[in-house]
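> for reference, the sequence and a predicted model appear below.
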Amino acid sequence: QVQLVESGGGLVQAGGSLELSCAPSGRTFSKYPMAWFRQAPGKEREFVAAVSWTGSSPTYADSVKGRFTISRDNAKNTMYLQMPNLLPEDTAVYYCAGRRPNSSGSRYSSDYPYWGQGTQVTVSS
């Protein structure tokens, strides 16, 4: 069973920046497509960004396109989400997720069997 661990959340003012990290526990994830999702209070979990196992072809939700950057370093076994210019509406619990090895990227949470426990991002206005 793959366990994912997120880090890097926190409280920032609007316009500030955070970088989230995600790493698997006890396993390398170089062949796993990965993604970030988020869930705000009272809302459903939503797709944020995804990246293929090679690190190419990132995809983004319209709400973060042009602001957030997803990347991965397979040598460090870590995935990242750079979040500059944060807005209050970015406040949510952010989750990293992994698909099965050698599968394609996806925007659908049901396609990801592996999840982290989440890290809170709070953006104050």
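Here it is on my side, so go on. Just so you know, these numbers come straight off a predicted model, no measurement behind them. Residues are numbered from 1 along each chain as shown.
> can you mark which positions in stretch 93-110 are buried?
By neighbour count with 16 or more other C-beta atoms under 10 Å, stretch 93-110 contains the buried residues 93-99, 103, 105-106, 109. (Glycine included, C-beta is placed from N, CA and C.)
> err, stretch 41-50, not the other one
For stretch 41-50, the neighbour count (16+ other C-beta under 10 Å) marks 45, 47-50 as buried.
> quickly find the element holding the residue positioned nearest the centre of the chain.
By C-alpha atoms, centre = their mean, the chain has its centre lying nearest to Trp36, at 2.3 Å. Using DSSP states H and E, Trp36 falls within strand 34-39.
> ok now that strand, how far from the chain's centre?
Here the centre of strand 34-39 is set off from its chain's centre by 4 Å, with C-alpha atoms, centre = their mean, to the nearest Å.
> now do the buried residues in it.
For strand 34-39, using 16+ other C-beta under 10 Å, the buried residues are 34-38.
> tell me the bridge partners for Phe37.
Phe47, Tyr95 (DSSP bridges).
> contact partners for the residue nearest to the centre of the chain?
If a contact means C-beta atoms under 8 Å, 6 or more residues apart in numbering, then Trp36 has 20, 22, 48-50, 70, 79, 81, 94-97 as its contacts.
> hmm, back to that, tell me the one of the buried residues of strand 34-39 nearest Gly55?
Ranked by distance to Gly55 (C-beta to C-beta), the buried residues of strand 34-39 are led by Met34 at 9.5 Å.
> what separation do you get for the closest residue to that closest one other than its chain neighbours and Tyr95?
Excluding its sequence neighbours, the residue lying closest to Met34 (C-beta to C-beta, 6 or more residues apart in numbering) is Met79, at 4.8 Å. The gap separating Met79 from Tyr95 is 12 Å, by C-beta to C-beta, to the nearest Å.
> show the contacting residues for Ala92.
Contacts of Ala92 by C-beta under 8 Å, 6+ apart are 38-40, 43, 121.
> and the furthest pair within these?
The span of the contacts of Ala92, defined through C-beta to C-beta, is set by Lys43 and Val121 at 13.9 Å.
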